[in-house]
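Colleague: model this:
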Amino acid sequence: MTEPAPRIDFANLPAPAESVLVTLFITVRKVARSRDFYSRVLGGTVVLEENPCIVRLSNSWIIMNPGGPPTPDKPGISVIEYQAGNTTSIFLNLRVADIQACYEERKAKGAEFVTPPIDRGAEIRCYMRDRDGYLIEVGQSTGLLRGELAKKRRCRPGTAATSRRPGGRWRSSTARAGPGPSASPTSSRTTCGGCTVRPRSSRPSTRSRCTRT
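Modeller: As a prediction, the model looks like this:
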């Protein structure tokens, strides 16, 4: 007995008659779990349930499928899911009209946020992770609408990096080596939103610094 074919919402398929539509493909571990997140938690519309799953999210589409080995159209290239860690190079960016309302609504539905919304001058933003660990930025343009750009946060060698709390205060995030005779000021690490500044003795130049935008 064959299984019924997945329902297709033809009216919402990302299939333009002309020009181009931009979609985002993500590799997921469990399609059903990810489909629930992007439809129920983020409020998207399921266009195709599987093979591949397509969810329309506002004016864009998320396409998701499990990973797999090379195929004839991409020989030698395997598709793998996100590997958990403290780095990222590409992520979904959602722009909203009311970030606080969005934050509270999505959190109530089970979304896991890295921090509450933080005011950066040009925008208020925060980050969440989906069920596979992919990072999603949520931002509301504020100062940008008046021509203000986001202020860059810098951490300099030999000083404690800082991060802003929701109330607007800053806190130190310098981490030092554990207790013991070998511990010394030069063994400290300074972190800034994921950057690590190496101890002074191991850096080629004391003029180096990291910049997070």
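
Colleague: can you give me the end-to-end distance of stretch 73-82?
Modeller: Terminal residues of stretch 73-82 lie 22 Å apart, using CA to CA, to the nearest Å.

Colleague: what's it in contact with?
Modeller: Outside stretch 73-82, the residues that touch it by CB atoms under 8 Å, 6 or more residues apart in numbering are 26-29, 65-70, 132-134. Heads up, the C-betas are built off the backbone N, CA and C, glycines and all.

Colleague: buried set for that stretch?
Modeller: Residues of stretch 73-82 classed as buried by neighbour count (16 or more other CB atoms under 10 Å): 81, 82.

Colleague: out of the contacts of stretch 73-82, which is most surrounded?
Modeller: The most neighbours of any of the contacts of stretch 73-82, using other CB atoms under 10 Å, belong to residue 28, which has 25 neighbours.

Colleague: coming back round to it: show only the entries of the contacts of stretch 73-82 found in strands.
Modeller: Among the contacts of stretch 73-82, DSSP state E puts 26, 27, 65 in strands.

Colleague: which ones are touching the second one?
Modeller: Listed by CB under 8 Å, 6+ apart, the contact set of residue 27 reads 64, 65, 66, 67, 79, 80, 81, 82, 132.

Colleague: over to the last one?
Modeller: Contacts here follow CB under 8 Å, 6+ apart; on that basis residue 65 touches 25, 27, 28, 31, 51, 52, 53, 79.

Colleague: give the bridge partners for the second one, please.
Modeller: Residues in a beta bridge with residue 27, per DSSP bridges, are residue 65.

Colleague: could you measure from it over to residue 149?
Modeller: Distance of residue 27 to residue 149, computed by CB to CB, to the nearest Å: 34 Å.

Colleague: what bridges to the residue nearest to the spatial centre of the chain?
Modeller: Geometric centre of the chain, nearest residue: residue 135, 2.2 Å, by CA atoms, centre = their mean. Using DSSP bridges, the beta-bridge partners of residue 135 come out as residue 129.

Colleague: was I right about it contacting residue 129?
Modeller: Yes: the criterion here is CB atoms under 8 Å, and residue 135 meets it with residue 129 at 6.0 Å.
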